[in-house]
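**Q** Mind looking at a prediction? Sequence and model below.
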Amino acid sequence: MTTLQADLNQQGRTVLVTGAGSGIGLAIATAFVGAGDTVYFCDIDAERVHSASEALGATAHGEVVDVSDYDQLKALVERAVRETGRLNVMVNNAGVADGKASIEKTGLDLWRRVISINLDGCFFGCKLASEIMIGQGSGRIINMASISSFRGAVNGVAYTASKHGIVGLTERLASDLGPSGITVNAVGPGAIETGVSVNSEALLGDSYPTGSASTTSDEKLREIVPLGRRAKPQEVASVVLFLASEAASYVSGATVPIDGGWLTR
């Protein structure tokens, strides 16, 4: 086994992943379980928590949590620390799409809900994790940004604002927390094979814009993405696993695009 492989397969860490009931979050949780870690995870949907728990096995512990509720997320963080004595990795993945809504179609309810889940939820996770990690003198925080953190016209107003905010939050926290031995990074997925649009519409209800073109067509994707395809959630998870490892010990404040070359076009 190479040094890099050993670093990527560290065992015994306590990892918390938000929004891990499906899609990218589930792939991230699966990757950490596969690396031998104890994983605490949450999702806002009880059925997804149940099915993910069955898939992940005995070393994963799921709860229903709305990350926009600070106290709910705090209770999960406290449980992880109480049961294992530490928190080594925090992955703030939970997020919701906005149907690519323009300013005209972005009502106050849609704006507030998207910002509260995507940006407030990320901040809450960072704050709670940092309080534990500062005391430990070590830790990894990884936030879920987006291709929309770099391109203004890819998604809607609220989603784009939230994902730009995550980049700024990540950079500031890397500066604040570096002296305590904590790295803070983000990943910026492009087109990924997930059901986020369907899940978001179900969650947001009447505030979700009607008639939205919420996904990029395969034909358009081949025009704008040099690799010509969507990524699998596991391809995002592998980068998160790297950023959580000792192999990335000198990487902090970065937002890593996972976009098949989209930003080159």
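**A** Cool, the structure landed.

**Q** okay, CA-based contacts and neighbour counts for the rest of this
**A** Fine.

**Q** where in the stretch 151-265 of the chain is pLDDT low?
**A** 211-215 (pLDDT under 70).

**Q** Please name the residues that touch residue 150.
**A** Residue 150 sits next to 164, 263 when contact means C-alpha atoms under 8 Å, 6 or more residues apart in numbering.

**Q** Pull up the per-residue confidence for it.
**A** pLDDT, residue 150: 97.

**Q** any idea how far residue 224 is from it?
**A** Shown here: residue 150 relative to residue 224, a distance of 15 Å by C-alpha to C-alpha, to the nearest Å.

**Q** go on, residue 100?
**A** Counting by C-alpha to C-alpha - residue 100 and residue 224 are separated by 17 Å.

**Q** same check, this time on residue 127
**A** 36 Å.

**Q** ok, now residue 83?
**A** For residue 83, the distance to residue 224 - C-alpha to C-alpha - is 46 Å.

**Q** The two: which is more packed in?
**A** residue 224 (16 against 9; other C-alpha atoms under 10 Å).

**Q** my read: the more buried one touches residue 259, true?
**A** No - at 10.2 Å, residue 224 does not count as touching residue 259 under the criterion of C-alpha atoms under 8 Å.

**Q** Quickly list what residue 89 is bridged to.
**A** Applying DSSP bridges to residue 89 gives these bridge partners: residue 15, residue 140.

**Q** what sits against it?
**A** Per C-alpha under 8 Å, 6+ apart, neighbours of residue 89: 13, 14, 15, 16, 139, 140, 141, 142, 244.

**Q** Which secondary structure elements does the helix or strand where residue 32 lies sit against?
**A** Per DSSP states H and E: residue 32 is located in helix 23-34. Under the contact definition 3 or more C-alpha pairs under 8 Å, 6 or more residues apart in numbering; DSSP states H and E, helix 23-34 sits against strand 14-17, strand 38-43, helix 46-56, helix 233-243.

**Q** from memory residue 120 sits against residue 73, does it?
**A** No - using C-alpha under 8 Å, residue 120 makes no contact with residue 73, being 11.4 Å away.

**Q** joint contacts of those two?
**A** Contacts common to residue 120 and residue 73, judged by C-alpha under 8 Å, 6+ apart, are residue 67.

**Q** Straight-line length of stretch 51-70, end to end?
**A** First residue to last in stretch 51-70 (C-alpha to C-alpha) measures 25 Å.

**Q** Same check on stretch 239-247?
**A** Rule used - C-alpha to C-alpha; the end-to-end distance of stretch 239-247 is 11 Å.
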